[in-house]
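Visitor: Just need the structure, nothing else, for what follows:
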Amino acid sequence: MNTVTPRKPDLSARITSPRDRLPVVLWTAAVILTAAAACWRPQALLPAARATLGPFAILAAIIAGSVLAGRLGVFGALARLLIPDRAPRAVAAASVLAFTALLSGLVNLDVAVVVAMPVALQAARQHRMPAGRLAVAVAITANAASFLLPTANITSLLLLGRTPLPALAYLRSSWPAWLLVTAITLGPLSAWLARAGPGPARPARDRPSARTALDLMPMFLAASAIRALLAHGIALHASFAGQLAGGAALAAGLNNLPAAAALHPAGPAGLWAAILATAIGPNLLITGSVATLICRRIARHAGTAFSAWQFTAIGATLIPAQLAVATLGLHITGALR
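Guide: Residues are numbered from 1 along each chain as shown. Have a look, this model is predicted:
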């Protein structure tokens, strides 16, 4: 009598199945927060939604553009151009992360993740790197590097709306901090990826999916509700290190967009504490920034696991060093006196 061995469920099917709990958590939090805002500050909810709509509309447009670019083969061409076929794994990993950091710092955080993630997945397949680890590394790098220019992160623009700083003065203050943060991020992450065991060689769908935009709606509702509930804003009164720690916890816990909308920086030091906190702090939780959720959605669409625990563990390990070297960079330029 022949026995039939039960077939193990395909990993890709498990990853992309509707059992993913994070969307349920996001929608539940969004509904609760929106209901609370509608009860306690109904007159503030619609203006808060209008003020929050612009950044999220920009993100949706970026995602739509990335889907079109993926279908045209742009990301495969970028991967072939940036990652040499015979490059060692450490070099390939460093190349992907450096590309991510440059896009995030010079262009925009959300542009960086929708462009770099397909390139990273292609490089992971080509060099037998663990795609899940590389996806986590891309998200962490993109967030941490998103403060070189004011336009690199929407959170910086929100904060500069309250405490203006000329663009040239901003860049003079930010570039040494950005270089130090990028170095302290790329080095450990590249080594971590190089030491990992080989990833599977199975084919992957590495083009972005329009489903990535689905994560925006609950985040938009939650951000609007929090902005309405915290209409008077939050001022952090502490040392620079204390403001960094408090702002990073707020950005990770609330999501960095509503955190930036709620924070009221006091003076140049408070402004820089808020900018760094809302860029680097989200690396503590996968819900800390929309960019991380976009990375996760693209990874899952490609049949790759994106571990929330791994993201938090690596982020928590790197955040103190990233904030420390960023503070050193600001002291070098005299932004902190």
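
Visitor: wait, isn't residue 139 in contact with residue 311?
Guide: Yes - using C-beta atoms under 8 Å, residue 139 is in contact with residue 311, at 6.7 Å. C-beta here means a position set from N, CA and C on the backbone, and glycine is covered the same way.

Visitor: Settle it for me: which of these two has more neighbours?
Guide: When residue 139 and residue 311 are compared for neighbours, residue 139 comes out ahead with 33 against 24, by other C-beta atoms under 10 Å.

Visitor: Need the overlap of contacts for residue 139 and residue 311.
Guide: Common neighbours of residue 139 and residue 311, using C-beta atoms under 8 Å, 6 or more residues apart in numbering, are 283, 286, 292.

Visitor: For residue 277, state which of those residues is nearest.
Guide: Minimum distance to residue 277 across these is 11.0 Å, recorded for residue 283 (C-beta to C-beta).

Visitor: Secondary structure element holding the residue lying closest to that closest one once chain neighbours are set aside?
Guide: Excluding its sequence neighbours, the residue lying closest to residue 283 (C-beta to C-beta, 6 or more residues apart in numbering) is residue 315, at 3.4 Å. Applying DSSP states H and E as the criterion places residue 315 in helix 308-333.

Visitor: for residue 85, helix, strand, or coil?
Guide: Here residue 85 is recorded as coil under DSSP: H, G, I helix; E, B strand; the rest coil.

Visitor: Quick check: phi and psi at it.
Guide: Here is the backbone geometry of residue 85 (degrees, to the nearest 10): phi -60, psi -40.

Visitor: how many neighbours does it have?
Guide: If we define neighbours as other C-beta under 10 Å, then residue 85 has 8 of them.

Visitor: Give me the below-cutoff pLDDT ranges for the stretch 151-300 of the chain.
Guide: Within the stretch 151-300 of the chain, the ranges that satisfy pLDDT under 70 run 197-215, 231-232.

Visitor: And the helix holding residue 315, what does it pack against?
Guide: Using 3 or more C-beta pairs under 8 Å, 6 or more residues apart in numbering; DSSP states H and E, the elements in contact with helix 308-333 are helix 131-144, helix 167-195, helix 240-254, helix 267-280.

Visitor: redo that, cut-off 6 Å
Guide: helix 131-144, helix 167-195, helix 267-280 (3 or more C-beta pairs under 6 Å, 6 or more residues apart in numbering; DSSP states H and E).

Visitor: Pull up the gap between residue 217 and residue 22, please.
Guide: Per C-beta to C-beta, to the nearest Å, residue 217 is found 14 Å from residue 22.

Visitor: One more: residue 65?
Guide: From residue 65 over to residue 22 (counting by C-beta to C-beta), the distance is 25 Å.

Visitor: between those two, who's got more neighbours?
Guide: residue 22 (17 against 14).

Visitor: Go ahead and measure how far the host helix or strand of residue 110 is from the middle of the chain.
Guide: Assigned by DSSP H and E, residue 110 belongs to helix 109-126. Mean C-alpha position of helix 109-126 versus that of the full chain (C-alpha atoms, centre = their mean, to the nearest Å) differs by 13 Å.
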